[in-house]
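Q: Show me the folded form of this:
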Amino acid sequence: MRNTLAEIGHAKLHAGTLPSEQLLKVWFSVGTGNPCTACEQPILPLQTECEPQYYDERPPIRLHVACHGVWEAERRRRRDKGRLVANGDLYGPLLEILDVGIQITGADMGNIQVHAPGTGALEIVVHQGFEAEFLDFFATVQDHTTACGTAMATGQRIIVDDVADNLIFAGSEARDVMLRAGARAVQSTPLWSRTGDLVGMLSTHYRRAGRPAERDLHRLDVLSRLAADYIDFARTE
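A: Sure, this is the predicted structure:
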């Protein structure tokens, strides 16, 4: 996946190559080598091909599952941002974005936090795959003994490929809570508003030590942009 996936996706949405209208249905089939309309890479036989169908006749659109998720999240953001923000409903769109982020990075669990300007803390708003101990412990994060806290402090994505053996978690209670939750690896990506303010954090967690592929991190950047927009819209409306 090329580094300009976000720019390609936005350009194609503007051009109408990836429409924003309501879908009739989406067909799923085994990849046949056709190029993905979004990322322009072939959809291989071992991958799933998505073909959105519309109410009118138009040239076929074929997408990887991950690219379809990114496009669908952006399509819904454009369609629903006024209604969702007016109602203060961040849960639905952010949970959808988190679900796609977990899928495209091969994660087992994850969460999205919002940054509270008054306290400077990160607060979990949506999550998937965690139980009470983890959620209680990380409900509010301000220190640097976590991946998300370090990402907040540095302003950069933090990837911990082995929680059991990493300086960020060394000797901390956070390390023990992470391991008991089955989170052996984690990445945390800061969410920035279009004016450059930190508005939140998107983190995905993995039961095995390791790190996401670079192409999947590029896809995650697109999702992070969408998540930041939702949070920012909610705060400015």
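
Q: The residue most central in space within the chain sits in which helix or strand?
A: With the centre of the chain defined as its mean C-alpha position, the nearest residue by CA atoms, centre = their mean is residue 101, 3.6 Å away. With secondary structure defined by DSSP states H and E, residue 101 is part of helix 91-104.

Q: Let me have that helix in CSV, keeping just the CA atoms, if that works.
A: Below are the C-alpha coordinates for helix 91-104, written out as CSV (Å, rounded to 0.1, in the frame of the first residue of the first chain):
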residue,chain,number,x,y,z
TYR,A,91,-20.0,6.3,20.1
GLY,A,92,-21.4,4.9,16.8
PRO,A,93,-18.9,6.3,14.3
LEU,A,94,-15.9,5.9,16.6
LEU,A,95,-16.8,2.3,17.4
GLU,A,96,-17.1,1.6,13.6
ILE,A,97,-13.7,3.3,13.0
LEU,A,98,-12.1,1.2,15.8
ASP,A,99,-13.5,-2.0,14.4
VAL,A,100,-12.0,-1.3,11.0
GLY,A,101,-8.7,-0.4,12.7
ILE,A,102,-8.6,-3.7,14.5
GLN,A,103,-9.3,-5.5,11.3
ILE,A,104,-6.8,-3.9,9.0
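
Q: how about that helix: buried residues?
A: Neighbour-count burial for helix 91-104 flags 93, 94, 96, 97, 98, 99, 100, 101, 102, 104 (criterion: 16 or more other CB atoms under 10 Å). Heads up, the C-betas are built off the backbone N, CA and C, glycines and all.

Q: Give me the average confidence score over it.
A: What helix 91-104 shows for mean pLDDT is 86.

Q: How about stretch 226-237?
A: pLDDT averaged over stretch 226-237 gives 80.

Q: buried stuff in it?
A: 226, 227, 228, 229, 230, 231, 232, 233, 234.

Q: Identify all contacting residues around stretch 135-142.
A: By CB atoms under 8 Å, 6 or more residues apart in numbering, the list of residues contacting stretch 135-142 from outside reads 111, 113, 119-124, 127, 146, 148-149, 152, 173-174, 177.

Q: Relative to residue 217, which of these is nearest.
A: Residue 217 lies nearest to residue 148 out of the contacts of stretch 135-142, by CB to CB, at 16.0 Å.

Q: isn't the residue nearest to the centre of the chain right up against residue 223?
A: Yes - assessed by CB atoms under 8 Å, residue 101 is found in contact with residue 223 at 5.1 Å.

Q: picking that back up, who touches the helix holding residue 101?
A: So helix 91-104 is contacted by 65-66, 69-70, 72-73, 76-77, 80, 84, 107-112, 125-129, 202, 204, 216, 219-220, 223, 226-227, 230-231 (CB under 8 Å, 6+ apart).
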